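Colleague: need coordinates for the below:
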Amino acid sequence: MPGDVILKTTKPHRKFSVNSSEGNFLGDDEMKSYILRKALCLLAGLVLLTGCSVQTTRPLAPESGPSSMLPNEPVLDVPYLSQQDTLPTGCEATSAAMVLQYYGLDYSPEEVACLLPCQELYWRNGELYGPHPDEYFVGSPFSSTGYGCYAPVIARVLEQEFSDELTVSLEYGCTIQELYQTYVAQSIPVLIWVTIDLVEPEQGTSWRLADGSPFTWKKNEHCVVLIGRQGDRYLCQDPYESHGTLSLTGELLQLRFEQMGSQAVAVMPLRGNEAMKNE
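Modeller: Numbers count the residues shown, from 1 in each chain. Down below sits the predicted model:
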């Protein structure tokens with residue numbers, strides 16, 4: 001009957017009993033072959049599954065950090081100099097000397113310090129007076145009681161003393177990233193004003209300027225040289241206590257840079273003197 005044929009050939013009702021004569025649609029050899037094929041298929045499936053699980057548990061590549069250099073991020077070969085012992089408050093002069101030596105100009109930190117216009121604090125009518133650090137180095141870089149100077153002083157000295165060799169750009173309001181992209185990535189080092197060890201700036205000594213207006217010094221003022229980037233960190237030559245080359249987190253470096261007025265000095269060879277770099 002057609003119904004019986006349909007029943008016996010419908011796959012869900014097929015039986016694979018080796019010993020039973022009813023419903024046994026495969027012979028012994030066929031049965032063994034079928035079982036073997038099934039086993040091989042199951043084994044192959046397990047291998048594939050195992051392979052997938054290995055791929056999903058493979059450790060991810062490490063994120064960029066202090067020791068992992070990303071491609072196409074240059075680190076400038078700015079020679080390191082320390083202010084330790086000879087210039088206890090002369091971070092600006094020492095950083096400037098590093099940049100000068102980068103361009104093959106053989107000036108020591110002490111020689112640069114001697115070029116700085118300096119002015120001491122003084123008392124008048126019972127009040128403390130002194131210069132603005134945009135105009136003078138306050139105190140002496142050779143003294144532990146010195147204060148420091150801001151970017152315009154360094155820019156002005158470099159312009160006056162090295163106008164035949166260098167071009168100087170005084171920068172305000174840029175971000176660290178912008179300074180890196182505009183200058184450092186083009187092989188131009190940049191002096192930036194931050195704080196010692198990137199600590200919080202504090203209110204320091206207050207005095208009156210020559211016009212009588214008040215001024216308050218920010219303690220922990222510091223100057224370093226921006227020379228490169230590694231991932232989200234920036235590399236700086238730090239003259240303080242022979243710190244050497246530091247890898248600093250971009251976010252904190254930017255914060256301290258802003259707190260110190262977002263001031264920087266980019267120093268580049270005079271047009272036509274590009275060959276002097278790294279002589």
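
Colleague: switch to C-alpha atoms for all contacts and neighbour counts from now on
Modeller: Will do.

Colleague: quick one: low-confidence ranges for the stretch 1-150 of the chain?
Modeller: Where the stretch 1-150 of the chain drops to pLDDT under 70, the residues are 1-72.

Colleague: tally of neighbours for L252?
Modeller: Residues within reach of L252, counting by other C-alpha atoms under 10 Å, total 13.

Colleague: list the contacts of the strand ranked longest in the chain.
Modeller: Using DSSP state E to define each element, the chain has its longest strand at strand 221-230. The contact list for strand 221-230 (C-alpha atoms under 8 Å, 6 or more residues apart in numbering) reads 64-70, 73-78, 91-92, 95, 99, 148, 180, 184-185, 189-196, 201, 234-239, 247, 260.

Colleague: again, but for stretch 152-161
Modeller: Residues contacting stretch 152-161 (C-alpha under 8 Å, 6+ apart): 92-93, 96, 115-117, 133-137, 166-170, 265.

Colleague: please enumerate the helices of the stretch 101-250 of the chain.
Modeller: Using DSSP state H, counting those that start in this stretch, the helices of the stretch 101-250 of the chain run over residues 109-115, 151-161, 176-182, 250-259.

Colleague: make JSON lines out of those and add distance to D211.
Modeller: Converted to JSON lines, those look like this (distance: least, C-alpha to C-alpha, whole Å):
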{"stretch": "helix 109-115", "distance to D211": "26"}
{"stretch": "helix 151-161", "distance to D211": "19"}
{"stretch": "helix 176-182", "distance to D211": "34"}
{"stretch": "helix 250-259", "distance to D211": "25"}
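
Colleague: between those, which one is closest to F215.
Modeller: Set against F215 and scored by C-alpha to C-alpha, the helices of the stretch 101-250 of the chain come closest in helix 250-259, at 15.7 Å.

Colleague: any idea of the angle that closest one forms with strand 221-230?
Modeller: Interaxial angle of helix 250-259 relative to strand 221-230 (axes from the mean of the first three to the mean of the last three C-alpha atoms, to 10 degrees): 150 degrees.

Colleague: what average pLDDT does helix 250-259 get?
Modeller: Regarding helix 250-259, the rounded mean pLDDT is 98.

Colleague: for the helix or strand just after that helix, give me every contacting residue.
Modeller: Reading on from helix 250-259 to the C-terminus, the next helix or strand found by DSSP states H and E is strand 263-269. Residues from elsewhere that reach strand 263-269, judged by C-alpha under 8 Å, 6+ apart: 99, 103, 150-151, 154-155, 165-174, 183, 188-193, 257, 276-277.

Colleague: ok, which stretches of this protein are strands?
Modeller: Along the chain, counting by DSSP E, strands occupy 118-119, 122-124, 127-129, 137-138, 166-172, 190-195, 202-208, 214-219, 221-230, 233-238, 244-249, 263-269.

Colleague: got the ones you listed as JSON lines, with distance to Q160 and mean neighbour count columns?
Modeller: Below are the strands of the chain laid out as JSON lines (distance: least, C-alpha to C-alpha, whole Å; neighbours: other C-alpha atoms under 10 Å):
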{"stretch": "strand 118-119", "distance to Q160": "16", "mean neighbour count": "18"}
{"stretch": "strand 122-124", "distance to Q160": "28", "mean neighbour count": "11"}
{"stretch": "strand 127-129", "distance to Q160": "27", "mean neighbour count": "16"}
{"stretch": "strand 137-138", "distance to Q160": "16", "mean neighbour count": "24"}
{"stretch": "strand 166-172", "distance to Q160": "10", "mean neighbour count": "17"}
{"stretch": "strand 190-195", "distance to Q160": "17", "mean neighbour count": "27"}
{"stretch": "strand 202-208", "distance to Q160": "28", "mean neighbour count": "15"}
{"stretch": "strand 214-219", "distance to Q160": "26", "mean neighbour count": "16"}
{"stretch": "strand 221-230", "distance to Q160": "20", "mean neighbour count": "26"}
{"stretch": "strand 233-238", "distance to Q160": "24", "mean neighbour count": "23"}
{"stretch": "strand 244-249", "distance to Q160": "29", "mean neighbour count": "17"}
{"stretch": "strand 263-269", "distance to Q160": "13", "mean neighbour count": "23"}
